[in-house]
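Student: how would this look folded up:
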Amino acid sequence: MAVEADAWHLRADIYMSLGVMVALFIIIIVEFLILGKNIYWLDSVAVFIVAFMVCQLIVKSAKDLLDISLPDEEIATIKNIICANEEISRYHDLKTRKAGNRRFIEFHIFVAPNMTVKQSHEITKK
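Tutor: Predicted structure coming up:
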């Protein structure tokens with residue numbers, strides 16, 4: 001994550017420099033070709049585009065650094081695995097989160113009432 005953020009930081013610097021250079025180049029060309037035409041606002045537009053890209057980077061980084069719920073596809077896979085276990089009669093209170101590259105899953109299961117604690121504990125290990 002840190003390496004990717006550093007790469008995006010470098011990329012943002014490049015985009016900002018290129019955006020300003022292109023905007024200034026267009027302003028100079030337009031002023032040279034069409035005398036008196038004022039398009040200095042183009043520089044501000046370039047800055048807003050780069051700022052939007054930086055905001056996207058901030059949102060992506062925040063999602064990777066903060067605890068967030070797992071994607072719906074992964075939650076569906078987890079539910080299928082739980083339901084495929086015949087020893088579990090039902091479950092509830094499924095909670096998932098992702099912190100960095102680790103995934104955490106928590107839920108409550110119901111098992112047969114005649115099952116021993118040791119047997120039910122073995123199910124939780126699975």
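Student: identify the single longest strand in the chain, thanks.
Tutor: Taking DSSP state E as the criterion, the chain has its longest strand at strand 88-99.
Student: please enumerate the strands of the protein.
Tutor: 88-99, 102-111.
Student: which one of those lies nearest to Glu4?
Tutor: strand 88-99 (15.6 Å; C-beta to C-beta). No exception for glycine: its C-beta is placed from N, CA and C like everyone else's.
Student: next, work out how far apart the nearest residue to Ser69 once chain neighbours are set aside and Arg103 are.
Tutor: Nearest non-adjacent residue to Ser69, counting by C-beta to C-beta, 6 or more residues apart in numbering: Thr96, 5.5 Å away. Between Thr96 and Arg103 the computed distance is 7 Å (C-beta to C-beta, to the nearest Å).
Student: need the overlap of contacts for these two.
Tutor: Shared contacts of Thr96 and Arg103 (C-beta atoms under 8 Å, 6 or more residues apart in numbering): Leu70, Glu74.
Student: between the two, who's got more neighbours?
Tutor: Comparing Thr96 with Arg103 by neighbour count (other C-beta atoms under 10 Å), the higher total belongs to Thr96, at 17 against 12.
Student: read off the pLDDT value for the residue nearest to Ser69.
Tutor: With respect to pLDDT, Thr96 scores 92.
Student: and it, what does it touch?
Tutor: Ser69, Leu70, Glu74, Ile75, Ile78, Arg103, Phe104, Ile105, Glu106.
Student: report the two of these separated the most.
Tutor: Glu74 and Glu106 (14.2 Å).
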